[in-house]
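*Asks:* got a sequence here, can you build the structure:
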Amino acid sequence: MSWFKRKLKGIVTPTKEKKETPDGLWYKTPKGDIIDTKVLEENLYVTPEEGYHERIGSKEYFDIIFDDHKYKELDKNLSSADPLEFEDTKKYVDRIEAGKKKTGLNDAVATAFGKTSGHDLVVACMDFGFIGGSMGSVVGEKIARAIQYAIKKKCPFMMISKSGGARMMEAGFSLMQMAKTSARLTQLSEAGLPYISFLTDPTTGGITASFAMLGDINIAEPGALIGFAGPRVVKDTVGKDLPEGFQTSEFLLEHGFLDFIVDRRELKEKLEQVIRLFEN
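*Replies:* All right, here's what the predicted structure looks like:
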């Protein structure tokens, strides 16, 4: 029994004295491999062996896309109010404040203007960390203003979608943003300017049902979850068993909903090719 018990005192470090590995030093991949977070960051948050795309925020996407990490952020100070005085398990105003502290943003989308490979570009990027990237009135307004800014600058507009859908705490105010952003995209098209829609994990709900699938060119990251409703809801609606992985970017590409899938590490290069294509 001595094999399973330590009889001598002093050779075991008391639990209270043990030190945990500092947070942020290592990253565990979906397959269980452990890699240095610095390696992950240098690889644009894509695991080197698996090619798994970790979720990132707007700042990281802007640094990838814009030349020399230089860009002008638009309408930075717009922030949601509480028009319906929504109160559930947690007050909406408290959820907003928690989102601000978590992400450093005032709402679930950031918009910016800069150059990518020397070409002017306006980008709107959603952040899933802010109330699940849900779309409320401020998100819709910022996207609409960003599209208007692209029209003013006569340059392409890129939307990076990452969202759980419409923001239930704003009810009808949220749903109206689907129509508003889609109408503004019509104005972009009438101005003869391209709209590049980039779908990342996850892109669902009213986002998919509006601007996310309206691109002149629709592209996505590998393995992204893209759909309107969840698999269980879809199955109950159609009354049939669904193919495995039917809401992945690979399945959507195979069935004609996407133009191509792009690895994040090649995003800037592909963007340049797309913009040149539209210019020609």
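*Asks:* need the contact list for the residue nearest to G57 when sequence neighbours are not counted.
*Replies:* Spatially, and ignoring its direct neighbours in sequence, G57 is nearest to D127 (4.9 Å; CB to CB, 6 or more residues apart in numbering). From N, CA and C alone the C-beta is placed, and that goes for glycine too. Contacts for D127 (CB atoms under 8 Å, 6 or more residues apart in numbering) come out as G57, S58, T103, L105, A108, V109, A110, G133, K162.
*Asks:* report pLDDT for D127.
*Replies:* Reading off the confidence values, D127 has pLDDT 97.
*Asks:* next one: E244
*Replies:* Confidence at E244, expressed as pLDDT, is 87.
*Asks:* any idea how far it is from I207?
*Replies:* E244 sits 24 Å away from I207 when distances are taken as CB to CB, to the nearest Å.
*Asks:* so for those two, which sits in the more crowded spot?
*Replies:* Neighbour count, other CB atoms under 10 Å: between E244 and I207, I207 has more, with 29 against 8.
*Asks:* hmm, the more buried one is touching S161, no?
*Replies:* Yes. Using CB atoms under 8 Å, I207 is in contact with S161, at 5.3 Å.
*Asks:* shared neighbours of those two, which are they?
*Replies:* M126.
*Asks:* just give me the closest of the contacts of D127 to N77.
*Replies:* L105 (10.7 Å; CB to CB).
*Asks:* so that closest one belongs to a strand, correct?
*Replies:* No. Looking at L105 with DSSP: H, G, I helix; E, B strand; the rest coil, it is coil, so not inside a strand.
*Asks:* distance of it relative to G133?
*Replies:* L105 sits 11 Å away from G133, going by CB to CB.
*Asks:* before we move on, back to that, mind listing which of the contacts of D127 are in strands?
*Replies:* With strands taken from DSSP state E, the overlap with these comprises V109, A110, K162.
*Asks:* roughly how far is the worst-scoring helix or strand of the chain on mean pLDDT from the heart of the chain?
*Replies:* Within the chain, no helix or strand scores below helix 231-238, which has a mean of 88 by mean pLDDT, DSSP states H and E. How far helix 231-238 lies from its chain's middle: 25 Å, per CA atoms, centre = their mean, to the nearest Å.
*Asks:* next SSE downstream of that helix?
*Replies:* Using DSSP states H and E, the helix or strand that follows helix 231-238 in sequence is helix 249-254.
*Asks:* can you pull out the strands in the stretch 101-250 of the chain?
*Replies:* Taking DSSP state E, counting those that start in this stretch as the test, the strands found in the stretch 101-250 of the chain are 109-116, 119-126, 157-163, 195-203, 217-220.
*Asks:* any idea which of these is most buried?
*Replies:* strand 157-163 (a mean of 27; mean count of other CB atoms under 10 Å).
*Asks:* and it with strand 109-116, angle?
*Replies:* Put simply, strand 157-163 runs at 140 degrees to strand 109-116, going by axes from the mean of the first three to the mean of the last three CA atoms, to 10 degrees.
*Asks:* tell me the strands beside strand 157-163, with direction?
*Replies:* Strand pairing for strand 157-163, using DSSP bridges, gives strand 119-126 (parallel), strand 195-203 (parallel).
*Asks:* would you mind giving those as TSV with distance to E250 added?
*Replies:* Listed next are the strands paired with strand 157-163 as TSV, based on distance: least, CB to CB, whole Å:
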stretch	distance to E250
strand 119-126	22
strand 195-203	12
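*Asks:* how close does A112 get to G172?
*Replies:* 29 Å.
*Asks:* do E250 as well
*Replies:* E250 sits 35 Å away from G172, going by CB to CB.
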